[in-house]
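K.L.:
Pasting the sequence and the predicted model now:
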Amino acid sequence: MMVQRLVRDILQADDFEVKDLEGFSVRRSLQELDEDMGPEKVNVPDDWIKTDISIDIPTKSKEEGPKSYTIPGFHYCPLVQVIRAAFADIQASTFHLLPFKWLWKDPLDNTQERLLDELYTSDAWLEAQEKLPRVPGCSLERVIAGLMFFSDATHLANFGTTKAWPLYLYFRNLTKYTQSLPQSGACHLVRFLPSLPDSIKDMLSSLSRISKTGMMSLHTHCRRELFQACWGIMLDEDFLDAYRHGIILKCADGVLQRVFPRLFTYSADYPENLFGSLSLLKDMKSRLVNLRVYTIATVVKAHEYIYNEGNTVDSSKVECTLRDGLWVPTIKLGPLSLDPFHMLVIDFMHECELGTWKALFTHLIRLLYAFPRGSQLVAKLNTRFCQVPTFANNTSKMKRLATHDFEDILQCAILVFKGLFPPDHNAAVQSLLYRFAQWHALAKLRVHSESTMTFLEDTFKKLSRKLRKSAQCSKTNAISLESSGPRVKMFNLSTYKFHAMVDYVRTIRLFGTTDSFTTQMGELAHRALKAFYPLTSKLDTPMQLAKHECRRHILCQVAEAGGIASSDIQSPADVHPPESASTGIHHQITTNQSNPNFIPKFKHHILYRIQKLDITYCNHTFTDEEHNSVIIPNNTIYAVQTMQVHYTTYDLRCEYDTINPQMHSDVMVLSGETTPSHPYWYACVLGIYHLETWIHNSGQPVKQHLEVLWVRWLAPLQNNKSSARHACLPKVAFVEESDSDMFRFLDPRQVVSGAHLIPVFALGHGISSLCYGKSLAHGEVSNGEDHMEGDDEQEQDDDEQEQDDDEQMEGTDEQDENNDEVSDSEPEDDDEGDGEDNEGSDNAEDECYNLSF
């Protein structure tokens, strides 16, 4: 890709001259880039500082006191310098300097609801703005530089143990959609945390009267002290002065303003901690009351036991002091009085998708193994996943899965697990999976309102009851996934990741939606360091990585100043809608041309389109003469493989779904009924075509280019009880073969978006049960296969009523064995799946071929 761009954009450019490369030297060019002595110098914080850090190591002697130990190699960039460079950057023109509240007004009853999405619309920013101090004699407007930090260690090479522990800084004045792009330049590398050298083990072993376990605890304690000492250096006097009195900077509009840096969030991948069981309602109300004052006093007391009274880090006296909250004897808030309980925000990616959901999925697989013929059940589970695009074999082994893979598994797990457990367990598992998927979807919303926040809180209460009940009766003689022999396993809720689920509502209200501070942004930022590492000499690696990062920022700013779009310098990982998405085009169909067989009612559809009739109802009848007036040159239409459907998401972003008749073939359109029982119709796309046509009549013919979809319709089942109240997905089915409209043509402009359809394997339907052989729709076809789709109705029952409804619904499903089923969840991105379902009968296919051109 890079070589192709080099040839296309440079070597083949009209103004390119070969003589310009005479005497070119990469080393000299990089040196000139680093020095940058031109008249328009790019302001990039490249003044990295290397220093040593000293920590105090406690001993078990009151007389000797703690010993000082020096750790070399702490590389950092002063925060004030980074702030000045960020506000001088061209990207600062998009900064939001003043917070605001975002309100939505219901057009029906004129009621208003507050919306939450970005940090600069959150309660934390609004409160910080009100508390900004006034500087005597200064009339400049006071604004906030919102700081968000991300820290996590990463391996720099695929082989070996070389790693780095960087600290990234994001300015939350910038929208989260820009910050989430790795190549947007919004990420600022500000620190490399050093590791404890191996020589510290020699020092610890020289301490008297310390056991082996005590030495391990002391080593962990030294790592915490090192972390805090690094922060103590970064929060230097310049930053403290700026925090208290602000910095006078010229903003992008040319106006001088007093900028106050404020630390809002700190995102990190935390280790698993035993933090008590899943929070009860009383815990939710009381855990934050006087928490900060109590914790500081407790930790300070434990700190005195270690450093002043000669107790070891793992002594019973220290552990007894910290036992109630499971704290550690290290905490330094510094002179800023920062509150770590608010700053250390939830980590949705690691705590939920790679944490609680992965733990629950693992436990469900262990339960399957515990039942008779458990290995066959797990094999059946893997087979079902393989029939849902685009899962690979052996999903149960969870090998080499990314975060989005676990999210996809959760969205499909309800139907894949259905029927694998005995009837007395199946209803409980189905309800648990539904509540977890519902909570996951609500917690991951990119825009929240007061209504959705209340819904999220209520959903968590129901989910917590389900999880606690499952843990109480989940002791199984299961086969552990980590060993070949059976072991007794428990579903453990006593982890920090389960305990943190209670904090989502509070954190979203305080700092905005979870995608505003997700650790995924920091994980993507690691890619740059891993790409730079092969370019270093492997000596003093942090300083060389910092130099490469500075060069990248300079080139990015030069490109922006020169009018080059940021998309031109993005990595292949950045996925954006094509240009048509930004020009208001609803859909885009490629122009590859090949001759397909023609399909019945095609001219009928063309007449509707050319005469601009209401195609939603299609209740007009055309004569044979009108049909014959439709002219198609050479009786030829052109088939293509894909179509992109563009739409606006609920958070006002442009997205698109890719429709492919071979894989992702299912779409949804608005219902054409006057009083619909369901707001959408669904269809399976069998073909995508375009053609040139006109009507031959007495007037002057006008050639038109038309794009057409050939579909088979699906309809919701009328007698199926399905909603959030029943914790069950609704069902849709192929239209009966007796209906003459089961195959129709569709205007692509009617498509709302793609749909994700999953077979309901519990009733024995899926690819393995297809019985009719070849067809237009799938290559193989079942007899009237049904589907299911997601629903967003509010829950209206309590937990007990919900369980009764689930059991009743299970009985209804058993009575409906004459219907094949499939499912459908709302499409959120271009990874929408398709149902393993298709056309009704061979007769319809034969008719299609007989009437073709």
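P.N.:
That came in fine, so what should we check first? Residues are numbered from 1 along each chain as shown.

K.L.:
use CA for all of it now, contacts and neighbours both
P.N.:
Noted.

K.L.:
Can you tell me the SS state at residue 531?
P.N.:
Here residue 531 is recorded as helix under DSSP: H, G, I helix; E, B strand; the rest coil.

K.L.:
What residues does it make contact with?
P.N.:
By Cα atoms under 8 Å, 6 or more residues apart in numbering, the contact set of residue 531 is empty.

K.L.:
so how far is residue 382 from it?
P.N.:
36 Å (Cα to Cα, to the nearest Å).

K.L.:
now do residue 647
P.N.:
Where residue 382 is concerned, residue 647 sits at a distance of 34 Å (Cα to Cα).

K.L.:
so where's the stretch 601-750 of the chain shaky on pLDDT?
P.N.:
Applying pLDDT under 70 to the stretch 601-750 of the chain picks out residues 615-619, 698.

K.L.:
all strands of the stretch 651-800 of the chain, in order?
P.N.:
Applying DSSP state E, counting those that start in this stretch to the stretch 651-800 of the chain gives strands spanning 654-659, 666-670, 680-695, 704-716, 731-734, 743-746, 751-754, 756-759, 786-788.

K.L.:
Please tell me how far the longest one is from the chain's geometric centre.
P.N.:
Taking the mean of its C-alpha atoms, strand 680-695 sits 33 Å from the chain's own mean (Cα atoms, centre = their mean, to the nearest Å).

K.L.:
Just checking: what are the partner strands of that strand?
P.N.:
strand 630-631 (antiparallel), strand 638-640 (antiparallel), strand 666-670 (antiparallel), strand 704-716 (antiparallel) (DSSP bridges).

K.L.:
now the end-to-end length of stretch 441-452.
P.N.:
11 Å.

K.L.:
Out of the strands of the stretch 651-800 of the chain, the one nearest residue 69 is which?
P.N.:
strand 654-659 (54.3 Å; Cα to Cα).

K.L.:
now for that closest one, which elements pack on it?
P.N.:
strand 643-648, strand 751-754 (3 or more Cα pairs under 8 Å, 6 or more residues apart in numbering; DSSP states H and E).

K.L.:
To what extent is the spatially closest residue to residue 513 that is not a sequence neighbour buried, counted in neighbours?
P.N.:
Leaving aside its chain neighbours, residue 513 sits nearest to residue 117 (5.1 Å; criterion: Cα to Cα, 6 or more residues apart in numbering). When neighbours are defined as other Cα atoms under 10 Å, residue 117 has 24 of them.

K.L.:
show me what contacts residue 453?
P.N.:
Per Cα under 8 Å, 6+ apart, neighbours of residue 453: residue 505.

K.L.:
contacting residues around stretch 700-717?
P.N.:
In contact with stretch 700-717 (Cα under 8 Å, 6+ apart) are residues 589, 678, 681-695, 730-735, 741-748, 777, 838-839.

K.L.:
Just the buried residues from the residues you listed, in ChimeraX please.
P.N.:
Buried residues among the contacts of stretch 700-717 (16 or more other Cα atoms under 10 Å), as a ChimeraX selection:
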select :589,681,682,683,684,685,686,687,688,689,690,691,692,693,694,695,730,731,732,733,734,735,742,743,744,745,746,747,748,777,838,839
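
K.L.:
What are the contacting residues of the helix or strand hosting residue 411?
P.N.:
Per DSSP states H and E: residue 411 is located in helix 403-417. The contact list for helix 403-417, computed with Cα under 8 Å, 6+ apart, reads 349, 353-354, 357-358, 381, 384-385, 430, 433-434, 437, 758-762, 823, 825.

K.L.:
Listing request: residues of the stretch 301-450 of the chain with sub-threshold pLDDT.
P.N.:
In the predicted model of the stretch 301-450 of the chain, residues 303, 305, 307-310, 314, 317, 322-339 satisfy pLDDT under 70.

K.L.:
show me where it has strands.
P.N.:
Counting by DSSP E, counting those that start in this stretch, the strands of the stretch 301-450 of the chain are 448-449.

K.L.:
after the helix or strand harbouring residue 469 comes which helix or strand?
P.N.:
Secondary-structure assignment from DSSP H and E places residue 469 in helix 450-472. Per DSSP H and E, the first helix or strand lying C-terminal to helix 450-472 is helix 496-499.

K.L.:
And the nearest residue in space to residue 375 that is not next to it in sequence, how close does it get to residue 420?
P.N.:
The shortest distance from residue 375 to any non-neighbouring residue, by Cα to Cα, 6+ apart, is to residue 369 (5.8 Å). Here the criterion is Cα to Cα. By it, residue 369 lies 11 Å from residue 420.

K.L.:
before we move on, what about residue 107?
P.N.:
Distance of residue 107 to residue 420, computed by Cα to Cα: 46 Å.

K.L.:
before we move on, back to that, what residues of the helix holding residue 469 count as buried?
P.N.:
Neighbour-count burial for helix 450-472 flags 452-453, 455-457, 459-464, 466-468, 470 (criterion: 16+ other Cα under 10 Å).

K.L.:
do stretch 238-248 as well
P.N.:
Neighbour-count burial for stretch 238-248 flags 239-240, 242-248 (criterion: 16+ other Cα under 10 Å).

K.L.:
How many residues are close by the residue lying closest to residue 431 once chain neighbours are set aside?
P.N.:
Distance criterion Cα to Cα, 6+ apart; nearest residue to residue 431, sequence neighbours excluded, is residue 727 at 5.7 Å. Residue 727 has 24 neighbours, counted by other Cα under 10 Å.

K.L.:
Also residue 543?
P.N.:
Residue 543, neighbours per other Cα under 10 Å, totals 20.

K.L.:
For it, identify the helix or strand it belongs to.
P.N.:
helix 541-561.

K.L.:
out of residue 107 and residue 420, which sits in the busier spot?
P.N.:
Neighbours around residue 107 and residue 420, counted as other Cα under 10 Å, are more numerous at residue 420. The numbers are 20 against 8.

K.L.:
wait, the more buried one sits on residue 427?
P.N.:
No. Applying Cα atoms under 8 Å, one finds residue 420 not in contact with residue 427, separated by 10.9 Å.

K.L.:
where exactly do the helices run in the stretch 151-300 of the chain?
P.N.:
Using DSSP state H, counting those that start in this stretch, the helices of the stretch 151-300 of the chain run over 176-179, 199-205, 212-234, 237-245, 281-286, 291-307.

K.L.:
mean pLDDT lowest for which of these?
P.N.:
Lowest mean pLDDT within these: helix 281-286, at a mean of 46.

K.L.:
right, and residue 602 touches residue 743 too?
P.N.:
No. Between residue 602 and residue 743 there is no contact under Cα under 8 Å: 10.9 Å.
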